[in-house]
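> Provided below for reference: sequence and predicted model.
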Amino acid sequence: MISHQLAAMASDWSVLVCNGLLQSLHFVPAAAFLRSHPPGAYTTTRTMDQASCLLLWERHMARLFQSMRLVAKEMPALYPKEIQHSSANWETGIKYKLQSSLQVGLVRSLELKNMNDELVISVLASGNTDNAEPCPQQKQSVCDLYVHISSHVVLPQVTPAHLAVMGPGRNLPLAKLSSWAKTRQILEQLRPRDATEVLLSKDGHKLLEGLLTNFFVVVNINPTKYEEGQQHSEDYLWENIEVQTAPLKEGVLPGVIRKLIIESFLERRIRFREVAPVWEDRHIWKEAFITSSLRLVQPVASVQAPSPWNANFIPEKWLQCHWERFKFEGSTKITEQIKDDIISRARMEGVSLQTLLTSST
């Protein structure tokens, strides 16, 4: 399945700003930008409502700082020791550079984008490496702060995702680290041609997350009682399902949308459990969806897994595998309701671009 069938497509321009200074207007995809710069913590979000609202900006900033502290602890060569601790001083400095960089980037991006397009905004706090050169025209202090902005074309209808179970999981799953853009390339190249996303798994049984997404399964907890095709009330549907997603302790990224969904479930008292969905339990799967800051909530049409499992993760073996496919044949009512709720919540916590452009740095 080709990439333009996904819910978003990139345009032919991008804007790159570093520490408040415009660096480039040449088109570079976000993944290529992350791969070509010194590694560090990063986060990605997008706009809504014709680029008038930036989604969950405060949550993304908190996520960036959390990742920076974890990376500083696990990879001390990248960041100064002061980042390991919660300190208003360094966070204030990052926020100042980010605000000025974001304003410069947004002004140019709003001039370049098509009327109905949205914007994708990636923020990279690039750390020190032996071969790294400092950001042009400005010396590195705590870190170099990059803002990469490109166009996001939202399709009128969301195309369901097709997933392939591969692996292994992330090395530093709790931190969103830009070097993952390089690490995941081999799986992106070896996934089956009809798959649009890879599901990570350490053992072929427990399903953790996608390369770019978190993974949720809606499980029918009364499989003998429920019959597909019958008319059921909304309450009946919610009473007889459980939503499952892998817990952080299994080694998954604590995504911003993942956290928002869990908060929604707890508030609405939806039956939910942080437990890794198991491939062998697919006969009781009712629906599934993946989440990310760009896709928000995307339904899953199929999941396929290799047989036998490639236990040593030898790249060549992925190409030789026999793949067993599970297709979701029923409706996506529950997924759609979850998506509507998350869009509403994300919009409520959004920040207007006008506010960002006029805020004092």
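Thanks, I have it. From a predicted model like this one, the values you see are computed outputs, not experimental measurements.

> could you check the distance from the residue nearest the centre of the chain over to L145?
The centre of the chain sits closest to S292, judged by CA atoms, centre = their mean, with a distance of 3.6 Å. Distance, S292 to L145, by CB to CB, to the nearest Å: 23 Å. Any C-beta I mention is one placed from the backbone N, CA and C, and that applies to glycine too.

> Counting neighbours, what do you get for the residue nearest to L25 when sequence neighbours are not counted?
Nearest non-adjacent residue to L25, counting by CB to CB, 6 or more residues apart in numbering: V15, 6.1 Å away. V15: 28 surrounding residues under other CB atoms under 10 Å.

> element containing V15?
Using DSSP states H and E, V15 falls within strand 14-18.

> which other helices and strands contact that strand?
strand 21-24, helix 30-36, helix 88-112, strand 144-154 (3 or more CB pairs under 8 Å, 6 or more residues apart in numbering; DSSP states H and E).

> Next, the residue nearest to the centre of the chain: phi, psi?
phi -160, psi 170 (degrees, to the nearest 10).

> what about the residue nearest to it when sequence neighbours are not counted, neighbour count?
In this structure, S292 finds its nearest non-sequential neighbour in T213, 4.6 Å apart by CB to CB, 6+ apart. When neighbours are counted by other CB under 10 Å, T213 registers 26.

> pretty sure W323 is touching V303, no?
No: at 10.1 Å, W323 does not count as touching V303 under the criterion of CB atoms under 8 Å.

> More neighbours: which of those two?
V303 (26 against 14).

> How about the secondary structure of that one?
strand (DSSP: H, G, I helix; E, B strand; the rest coil).

> which non-adjacent residue is nearest it?
Nearest non-adjacent residue to V303 (CB to CB, 6+ apart): L163, at 4.6 Å.

> do the same with E287
Counting by CB to CB, 6+ apart, the residue nearest E287 is V218, at 4.0 Å.

> who's in contact with the one you found?
I241, E242, V243, W285, K286, E287, A288, F289, I334, T335 (CB atoms under 8 Å, 6 or more residues apart in numbering).

> go with 7 Å
V218 sits next to I241, V243, K286, E287, A288, I334 when contact means CB atoms under 7 Å, 6 or more residues apart in numbering.

> Quick check: the fourth one is in a strand.
Same thing as E287. Yes: assessed with three-state DSSP, E287 lies in a strand.

> Check which residues of stretch 304-318 are buried.
Using 16 or more other CB atoms under 10 Å as the test for burial, stretch 304-318 gives Q304, A305, P306, W309, N310, W318.

> Dig out what the residue nearest to the centre of the chain forms beta bridges with.
L296 (DSSP bridges).

> returning to what we had before: rank the buried residues of stretch 304-318 by pLDDT and give me only the lowest.
Least confident entry in the buried residues of stretch 304-318, by pLDDT: W318, with 89.

> so it makes contact with V165?
No: with contact defined as CB atoms under 7 Å, W318 does not count as touching V165 (10.6 Å).

> Look up the closest residue to S264, ignoring the ones flanking it.
Per CB to CB, 6+ apart, closest to S264 is D341, 5.6 Å.

> Just the strands from the stretch 101-250 of the chain, written as ranges.
Remark: strands assigned in the stretch 101-250 of the chain by DSSP state E, counting those that start in this stretch are 118-126, 144-154, 161-166, 197-200, 214-220, 241-245.

> Give the pairing partners of the longest one; include direction for each.
Each strand that strand 144-154 pairs with, and the sense of that pairing, follows from DSSP bridges: strand 8-9 (antiparallel), strand 14-18 (antiparallel), strand 118-126 (antiparallel).

> now the third one
Strand 161-166 pairs in its sheet with strand 197-200 (parallel), strand 296-307 (parallel), by DSSP bridges.

> Only C-alpha atoms, please: export that strand in PDB.
Extracted in PDB, the C-alpha atoms of strand 161-166 (Å, rounded to 0.1, in the frame of the first residue of the first chain):
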ATOM      1  CA  ALA A 161      -3.800   1.000   8.700                       C
ATOM      2  CA  HIS A 162      -2.300  -2.400   7.900                       C
ATOM      3  CA  LEU A 163       0.200  -3.600  10.500                       C
ATOM      4  CA  ALA A 164       3.000  -6.100  10.300                       C
ATOM      5  CA  VAL A 165       4.500  -7.500  13.600                       C
ATOM      6  CA  MET A 166       8.300  -7.300  13.500                       C
END
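
> Which positions in stretch 320-330 come out as buried?
Counting neighbours by 16+ other CB under 10 Å, stretch 320-330 gives C321, F326, F328 as buried.

> Which pLDDT does the model give the first one?
It stands for C321. Per the predicted model, pLDDT is 88 at C321.

> Next, the contact list for it, please.
Neighbouring residues of C321 by CB under 7 Å, 6+ apart: P306, S307, N310.

> What of the second one?
For F326, the contacting residues are R282, S302, V303, by CB under 7 Å, 6+ apart.

> who's in contact with the one helix or strand the residue nearest to S264 maps to?
Remark: D341 resides in helix 333-348, with elements defined by DSSP H and E. Identification of contacts with helix 333-348 by CB under 7 Å, 6+ apart yields 48, 53, 55-56, 218, 237, 241, 257, 260-261, 264, 287, 289, 296-297, 299.
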